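Visitor: Dropping the sequence and predicted coords here.
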Protein chains: 2
Amino acid sequence: MAQPVFNNAFMNGKISLKPYFLIIFCSIALVAQAQNINEDLVFIKKIYNEALERQQSYTWLEYLSEKIGNRIAGSPQNMAAIEFTSQILDTIGSDTVWRQPCVVNYWYRGAKEEVSIINHPLIGNRSLHCLALGGSASTPKYGLSGSVVEVKSIDEVKKAGSSLKDKIVFYNRPFDNKQLRTFNSYGGAVDQRVFGPNAAAKLGAKAVVIRSMTGRLDDIPHTGVTIFDSAVAAIPALALSTKDAELLSTCIQSGPTNLYIKTSCEQRGPKQSYSVIGEIRGTEKPDEIIAIGGHLDSWDVGGGAHDDGAGCIQSMEVLYLFKVMNYKPKRTIRCVLFQNEENGLAGGKTYAKVSNDNKEFHLAAIESDAGGFTPQGFSYDADSAVFSKLTKNVPKWAELLAPYNLQFSKGGSGADVGPLRSQKGLLLGLSPDSQRYFDIHHTEKDRIEAIHPRELALGSAAITSLVYLIDKYGLTD
Amino acid sequence: MAQPVFNNAFMNGKISLKPYFLIIFCSIALVAQAQNINEDLVFIKKIYNEALERQQSYTWLEYLSEKIGNRIAGSPQNMAAIEFTSQILDTIGSDTVWRQPCVVNYWYRGAKEEVSIINHPLIGNRSLHCLALGGSASTPKYGLSGSVVEVKSIDEVKKAGSSLKDKIVFYNRPFDNKQLRTFNSYGGAVDQRVFGPNAAAKLGAKAVVIRSMTGRLDDIPHTGVTIFDSAVAAIPALALSTKDAELLSTCIQSGPTNLYIKTSCEQRGPKQSYSVIGEIRGTEKPDEIIAIGGHLDSWDVGGGAHDDGAGCIQSMEVLYLFKVMNYKPKRTIRCVLFQNEENGLAGGKTYAKVSNDNKEFHLAAIESDAGGFTPQGFSYDADSAVFSKLTKNVPKWAELLAPYNLQFSKGGSGADVGPLRSQKGLLLGLSPDSQRYFDIHHTEKDRIEAIHPRELALGSAAITSLVYLIDKYGLTD
């Protein structure tokens, strides 16, 4: 008897439900919600089980980082990485796999190792641990030497003005180790590396050395991109290990210090490269895309295991896990391995442009480019109109993922998915534990040994779980 | 005019406050609470700043784990560790430092390395990576050999009964890698190591080998305690690396397999040892003790860096941080470095007994014995009467510590603080990220290289922050 009364009340537009009908109504809703949540908890647990038991990501990453090795955009290994990941995406059963062309500028470190030798009365001649920055120019064949001036910031360089002509400028502002998240320490120091050499070159400095971008005191130099204005002639630019930066600073404090440096870097010009894309087409809303990605290029030292082999492999594993679990997404799930994030972002920019040209809509795009360590959550970013839609869903996701030590916080997403912002979807970045990341970032140490198979798998499972929730509920359901 | 009306209303028992008085009243309370919370946020941030910038814990731990080295209870290095930590606790300005005597049974691995050689038609003779378990007996001088029987559980051994006489029993139940927290995988497997040899010895087995307690497949054997009933004669018991356990299992599947083993373990009898205690006496409630601790002994391989040098050093650093911040606690803060947790718990048992005899009250006791990795929170445990007091404070602590990725969950505390349960205070355990722990637990790899200075410091900061909150608010304020 309940049903007709219920319908009538609504049909009369009066909503005059008696209390007991309300109770029944609410109970049904609550039971349905509880069932849904229970179903989600079970499915997410299953995702974690599969990821932790199979540890598929580690096997792939070992091949990518050790068998193929580092793979700067434009290099031969870069093409090997494109081939390898395309094959895997195909083998695991993606509906479509394709390569999206983009043009990259191939910077080559040169055939010979960089050299940096300090000359100072206190210690005589001493070799320093160094690594040319990506974008650095070559020195003359037999190197160059000059007097070193230490600075802590680009502002200081600008103030020093023409006094820096023919000098070697030494940027030595350390990481702020008080930051809880090491990416904040990096953010507070990295302008020296990216823009410092350009600022010094403008004033006629003959070369730049910088303190490596890490909070640890050790002998490992860290490379990374440096950018010169098109109107400025590039100069040689080298990163020194933090211990050697301290040594150099000590020497300078006790009197004039000379440095000899030698590099053999080359710009090898534009090369054809590709981002690699694989997708599972949605069964109900195929035009709503949920993208997950990392960047396929790496620096040309180490194995690019954490940066960003991990993010690529985890993104591939999202498709893999859905396949082995026989989950058929409602929306289109697309894995994008962006090309050339490290020194140009050609892949990320091209991907967004092509997507916009094709009038695609990315409901969400998740980037993993902060290392393959134990995930701690997701940071999310969106247009303000999108934010207002999320008041219900983000707390729901947060509750479902809290048992896996995952938190949600507003913040950045990632360099490669950033250009998709104009599509007014949700952008997210996986936030792994950051404590060890800048020990190995852009160094010879970024190899498979620095990866833990379970931590890597937990990242894959975290992303897969979130993709499952977004696929199931959208942003507003 | 507000004040008298306010008082009258309460005195008449009518609580007839007008709305605007209520607003004023609530606002004052809220402002006071907000000030308190703000003060707490600032103080906790300062604790983290000091811990992350100084990284004092790492320096101490390097000395303890590498200069002194491993330090099984009763060994000469064990005495060195007692001396070293006493000196540090004294130097940093503890009000009192003392050594609490306890008697430990010194188990000695023996002068010669363990040997385990498989003999099988498929592979001939092959040496296995092995390590005697703590408590293992010695083999005859020239070793022993026997036919191997593989089992997955103690129940299986009991069922096999007298058929195991003169056999070598091989426990080979692996970790369940689906567990999110590796301590749960350990908990599901470790009965084989602790009680398996005893069960086999009772049935006349001549020796036991077990699969090492780790979820990784590698060549590293893991030692750990095994316990024989006093009525049972101990037999030799060895851990095999997981890879060698797989190899042995494969051999057994293809036919009868023999194993030769040799150990030279000794029980060196009771020795005098000590737990080391340092405290800062409370200014207002000195009889309410907040204890923090780890265990000073370690296994006799590696450097005991994570297990449990880390917990000891972090506990010492709590006092150190309060000292350098010039914080004078209301309650007594006591750092306890328990002796002999690994194979007897003499320190933990003695500490609780002496404390009870002296009618002390531990308001809280926090143990750090789960590794020096990035902390993820605290698990807490108490008598049910104590639990009911915590409904306000645990959520407050959780809110204040959430920015540091710390969560609170009900669960165990630790073996050493467990015996304090009868004092009806709160028992807590620090829960660090567990993913890497069982790679190195009780192995040669548990050295300073496996420790990250920032992760270690974050553990110290987390404990110090919680001690600060408990000291300030008690359990019920």
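Guide: Thanks, I have the structure now.
Visitor: got the residues of the stretch 201-350 of chain A near chain B?
Guide: A:Gly215, A:Arg216 (C-beta under 8 Å from any C-beta of the partner chain). For the C-beta atoms, the positions are set from N, CA and C on the backbone; glycine is no exception.
Visitor: can you map out the helices along the stretch 201-350 of chain A?
Guide: Counting by DSSP state H, counting those that start in this stretch, the stretch 201-350 of chain A has helices at residues A:242-253, A:310-324, A:346-357.
Visitor: Same list (those helices) but as JSON lines, adding mean pLDDT.
Guide: Converted to JSON lines, those look like this (pLDDT from 0 to 100):
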{"stretch": "helix A:242-253", "mean pLDDT": "97"}
{"stretch": "helix A:310-324", "mean pLDDT": "98"}
{"stretch": "helix A:346-357", "mean pLDDT": "98"}
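Visitor: Next up, phi/psi of the closest residue to A:Gly303 other than its chain neighbours, please.
Guide: Using C-beta to C-beta, 6 or more residues apart in numbering or on different chains and skipping the chain neighbours, the partner closest in space to A:Gly303 is A:Ser65 (3.3 Å). Backbone torsions of A:Ser65, given as degrees, to the nearest 10, read phi -90, psi -30.
Visitor: residues from the stretch 351-477 of chain A in reach of chain B?
Guide: A:374, A:376, A:402-405, A:407, A:433, A:435-436, A:439, A:452-455, A:458.
Visitor: redo that, cut-off 6 Å
Guide: For the stretch 351-477 of chain A, the residues in contact with chain B (C-beta under 6 Å from any C-beta of the partner chain) are A:Thr374, A:Gln376, A:Asn405, A:Asp433, A:Gln435, A:Arg436, A:His452, A:Arg454, A:Glu455.
Visitor: Domain boundaries for chain A, per the record?
Guide: A:54-106+A:271-473, A:110-264 (automatic domain parsing).
Visitor: first vs last residue of the longest one, how far apart are they?
Guide: With C-alpha to C-alpha, to the nearest Å as the measure, domain A:54-106+A:271-473 spans 27 Å from end to end.
Visitor: now do the shortest one
Guide: Criterion C-alpha to C-alpha; first-to-last residue distance in domain A:110-264 is 5 Å.
Visitor: Repeat that for stretch A:206-224.
Guide: One end of stretch A:206-224 to the other measures 20 Å (C-alpha to C-alpha).
Visitor: Also stretch A:112-131?
Guide: 11 Å.
Visitor: Now intersect the residues of the stretch 351-477 of chain A next to chain B with the strands, please.
Guide: A:Gln376 (DSSP state E).
Visitor: tally of neighbours for the residue nearest to A:Gly303?
Guide: 27 (other C-beta atoms under 10 Å in any protein chain shown).
Visitor: Go ahead and confirm it touches A:Ile448.
Guide: Yes: A:Ser65 lies in contact with A:Ile448 (C-beta atoms under 6 Å); the separation is 5.2 Å.
Visitor: on that earlier part again, give me whichever of the domains of chain A is most buried.
Guide: Mean neighbour counts were taken over the domains of chain A using mean count of other C-beta atoms under 10 Å in any protein chain shown, and the top value, a mean of 22, falls to domain A:54-106+A:271-473.
Visitor: Tell me how far it lies from the chain's centre.
Guide: Counting by C-alpha atoms, centre = their mean, to the nearest Å, domain A:54-106+A:271-473 is centred 8 Å from the centre of its parent chain.
Visitor: Flag the shaky bits of chain A, pLDDT-wise.
Guide: A:1-32, A:477 (pLDDT under 70).
Visitor: repeat that with 90
Guide: A:1-37, A:111-113, A:121-123, A:382-393, A:476-477 (pLDDT under 90).
Visitor: what are the pairing partners of the longest strand seen in it, and which direction each?
Guide: Using DSSP E, we find that the single longest strand of chain A is strand A:266-280. If you go by DSSP bridges, strand A:266-280 pairs up with strand A:96-108 (antiparallel), strand A:331-338 (antiparallel).
Visitor: which other residues reach that strand?
Guide: Strand A:266-280 is contacted from outside by A:73-74, A:82, A:85-86, A:89, A:94-108, A:319, A:329, A:332-339, A:347, A:351, using C-beta atoms under 6 Å, 6 or more residues apart in numbering or on different chains.
Visitor: again with stretch A:329-345
Guide: Contacts for stretch A:329-345 (C-beta under 6 Å, 6+ apart): A:73, A:85, A:102, A:104, A:134, A:225, A:273-286, A:288-293, A:295-297, A:299, A:312, A:315-316, A:319, A:346-348, A:415-416, A:471.
Visitor: need the contact list for the residue sitting nearest the centre point of chain A.
Guide: Centroid-nearest residue in chain A: A:Asp369, 2.1 Å away (criterion: C-alpha atoms, centre = their mean). Shown in contact with A:Asp369 (C-beta under 6 Å, 6+ apart): A:Gly294, A:Asp308, A:Gly311, A:Gly414.
Visitor: ok, of those residues, which one's closest to chain B?
Guide: A:Gly311 (18.1 Å; C-beta to the nearest C-beta).
Visitor: from memory that closest one sits against A:Ile366, does it?
Guide: No: contact criterion C-beta under 6 Å: A:Gly311 and A:Ile366 do not qualify, at 9.8 Å.
Visitor: Could you check the helices of the stretch 201-350 of chain A and tell me which one is nearest B:Val386?
Guide: Closest of the helices of the stretch 201-350 of chain A to B:Val386 is helix A:310-324, at 42.5 Å (criterion: C-beta to C-beta).
Visitor: what angle do that closest one and strand A:266-280 make?
Guide: 20 degrees (axes from the mean of the first three to the mean of the last three C-alpha atoms, to 10 degrees).
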